[in-house]
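Asks: model the following, please.
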Amino acid sequence: MVNYLDETNFIATPKSSLAFAIPHALLSELVIFEQFYLGCLAHASYLIGSEGYAAVVDPQRDIGIYLETAQRHNLRIAYIIETHLHADFVSGHQELAQKTGATICLGAGSGATFPHRAVQDGDEIAIGRCRLRFMQTPGHTLESVSIIVIDEDQGKGPAAVLTGDTLFIGDVGRPDLSESHTPQELAGLLYDSLHHKLLSLPDDVRVYPAHGAGSMCGRNISADRNSTIGRERLTNYALQAKDRDQFVRMVTQDLPPRPEYFQRDVDANRRGAPALENLPPVPPLDAHEVLRRQQEGATVLDTRAAMYFCAGHVPGSLNIGLGGQFASWAGSILGLDRDLILVAEDDAAAEEARLRLARVGIERVAGKLLDGIQGWVGMGWPLSETQQIAAKDLEAEMGRNPQLVLVDVRRPSEWAQGRIPGAVLRPLDQLRSGLQSLDPAAPTAVHCKSGYRSTVACSLLETSGFRQVMNVIGGIDAWTAVGLAIEN
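Replies: Purely as a prediction, here's the structure:
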């Protein structure tokens, strides 16, 4: 079993999430509360159980982890709760309901077309000794709800609140996911939800959001898995605005573009996605067939690590490594409407890639290269290479070659914290639209934080006709590690 380490330092094990049991200092021994963290989507889901029953909150598309956890604790999943219609992943709520008979709960006004219970302020469900009270918290989306967790054996007050994408650790949800409301209108609703509802909870109430660092649903999310209302009140930048107008300006200025696949995933979640087991298998294709399909328009997606891709890859292929936030970047860069052919380290990695793609709604996987990259080499066909350059060598090259362009593909918030002198900012999710401002004939070096996103960017540049592309090994982390200067 391979562990894939992503760029935000979370481990995402194949076909599963990391599970974290919440300490019983928070809840009584009669309540089970587990968080499941899916690193490649920076997504947190939850199972809450007591006296033989359980609720699952914001499930990922592959639902086996919830069934296995419920069985281990002798629980029957009675409720499935969505804090909102998610835009960045496809949820498994429908399949989980079909397998368990559970009732799906969504905030009123979701427009969901499957059987569900529409919940409003003050509605409650009982899970044994635990009560879950709903609080409508629109802003990220109109139907967003937060869930107050009350343990009857710990007193009548709230112990925790599941905030979905309304309140993150260190951030708040992006307010631009509505087709009927402007970002400013949603931001105003978000301010009200935060200040008139969530921040009215006691300071010691634990906060458990639906996403962590790296999620595209926020801009400045912490890597921490939970917080408290009091800590967020003091440290969350978005909660420091002096009034509603300042908050609206703060959270709507310089919003990163909304990935095109977001609305498609919302629509899928509003209908309810089909079971993963109904997707067709991924057939192995020999090199001749891969080349033929590539020439007909299919995209060859190489999921290997940067060092292997750069050393040799199928000409014209794109690289998004399984080691990072693979699914999110695949959705942003590829969209949902391409036929894909996978190049993977082995069959297990190909299956893992297929699963992760399906989690964001990418289902058009036409095949995988038989025997991986060796299947191509075995035909005697040439491989393309991407030059890699160390930080010290990059500094020297910049000094002697004034034509060299250094492209930084990190997020604007990372850029603002420090950048390599002379670099130009082209965030990875906006790189395609920014290509016209770059010269494909100029030598071009690309860096990110640690080397994951820059390899993706190099492959995009190469497939767009850039002829002299270099990947900066280790990114800006390597640059600073050898004592080279950065500017603010």
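
Asks: residue 459 belongs to a strand, doesn't it?
Replies: No - assessed by DSSP: H, G, I helix; E, B strand; the rest coil, residue 459 does not belong to a strand; its assignment is helix.

Asks: quick check: phi and psi on the nearest residue to it once chain neighbours are set aside?
Replies: Distance criterion C-beta to C-beta, 6 or more residues apart in numbering; nearest residue to residue 459, sequence neighbours excluded, is residue 319 at 4.2 Å. Heads up, the C-betas are built off the backbone N, CA and C, glycines and all. Reported as degrees, to the nearest 10, the phi and psi values for residue 319 are phi -120, psi 120.

Asks: how close does residue 319 sit to residue 443?
Replies: The gap separating residue 319 from residue 443 is 20 Å, by C-beta to C-beta, to the nearest Å.

Asks: which one's more surrounded, these two?
Replies: Neighbours of residue 319 and residue 443, each counted by other C-beta atoms under 10 Å, are more numerous for residue 319; the result is 26 against 17.

Asks: what does the host helix or strand of residue 453 contact?
Replies: Applying DSSP states H and E as the criterion places residue 453 in helix 452-463. For helix 452-463, the external contacting residues (C-beta atoms under 8 Å, 6 or more residues apart in numbering) are 6-7, 302, 306, 309-310, 313, 316-321, 323-324, 329, 333, 384, 386, 407, 409-410, 426, 428, 431-432, 435, 438, 440, 444, 446-448, 469-472, 475.

Asks: what does stretch 107-119 give?
Replies: The set of residues that contact stretch 107-119 without belonging to it, under C-beta under 8 Å, 6+ apart, is 82-85, 94, 97, 103-106, 120, 134, 136, 138, 142-145, 269-272.

Asks: mind giving me the ChimeraX select for those, buried ones only?
Replies: Typed into ChimeraX, the next command selects the buried ones out of the contacts of stretch 107-119 (criterion: 16 or more other C-beta atoms under 10 Å):
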select :82,83,84,85,94,97,103,104,105,106,134,136,138,142,143,144,145,269,272
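
Asks: so which of the contacts of stretch 107-119 belong to helices?
Replies: When the contacts of stretch 107-119 are checked against helices using DSSP state H, the ones located there are 94, 97, 269, 270, 271.

Asks: for these, which one is nearest residue 351?
Replies: Using C-beta to C-beta, residue 94 is the member of the ones in helices among the contacts of stretch 107-119 that lies nearest residue 351, at 22.6 Å.

Asks: roughly how far does that closest one sit from residue 164?
Replies: From residue 94 across to residue 164, the span is 19 Å (C-beta to C-beta).

Asks: how is the protein divided into domains?
Replies: 4-271, 279-377, 387-481 (automatic domain parsing).

Asks: would you mind putting these into a markdown table with mean pLDDT and distance to residue 488 alongside?
Replies: Conversion of the domains of the chain to a markdown table gives the following (pLDDT from 0 to 100; distance: least, C-beta to C-beta, whole Å):
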| stretch | mean pLDDT | distance to residue 488 |
| --- | --- | --- |
| domain 4-271 | 91 | 17 |
| domain 279-377 | 96 | 26 |
| domain 387-481 | 96 | 6 |
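
Asks: for residue 487, which of those domains is the nearest?
Replies: With C-beta to C-beta as the measure, domain 387-481 is the member of the domains of the chain nearest residue 487 (5.1 Å).

Asks: span of that closest one from start to end?
Replies: For domain 387-481, the first-to-last residue distance is 21 Å (C-alpha to C-alpha, to the nearest Å).

Asks: what about that domain, distance to the chain center?
Replies: Taking C-alpha atoms, centre = their mean, to the nearest Å, one finds the center of domain 387-481 at 23 Å from the center of the full chain.

Asks: ok, stretch 370-386 next?
Replies: Stretch 370-386 sits 31 Å away from the centroid of its parent chain (C-alpha atoms, centre = their mean).

Asks: ok, now stretch 109-125?
Replies: Averaging C-alpha positions (C-alpha atoms, centre = their mean) puts stretch 109-125 25 Å from its chain's average.

Asks: list the buried ones in stretch 38-57?
Replies: Neighbour-count burial for stretch 38-57, with 16+ other C-beta under 10 Å as criterion, is recorded at 38-50, 53-57.

Asks: in stretch 371-385, what's buried?
Replies: For stretch 371-385, the buried set under the neighbour-count rule, 16+ other C-beta under 10 Å, comprises 372, 373, 375, 376.

Asks: so residue 342, which of the three states?
Replies: Following three-state DSSP, the label given to residue 342 is strand.

Asks: mind starting the numbering at 31 from now?
Replies: Got it, first residue is 31 now, which makes that one residue 372.

Asks: surely residue 276 is within a helix?
Replies: Yes - secondary structure assignment (three-state DSSP) places residue 276 inside a helix.

Asks: how many other residues sit next to it?
Replies: By other C-beta under 10 Å, 12 other residues sit near residue 276.

Asks: what about it, distance to residue 304?
Replies: Relative to residue 304, residue 276 is positioned 44 Å away (C-beta to C-beta).

Asks: check residue 231 too.
Replies: Distance, residue 231 to residue 304, using C-beta to C-beta: 38 Å.
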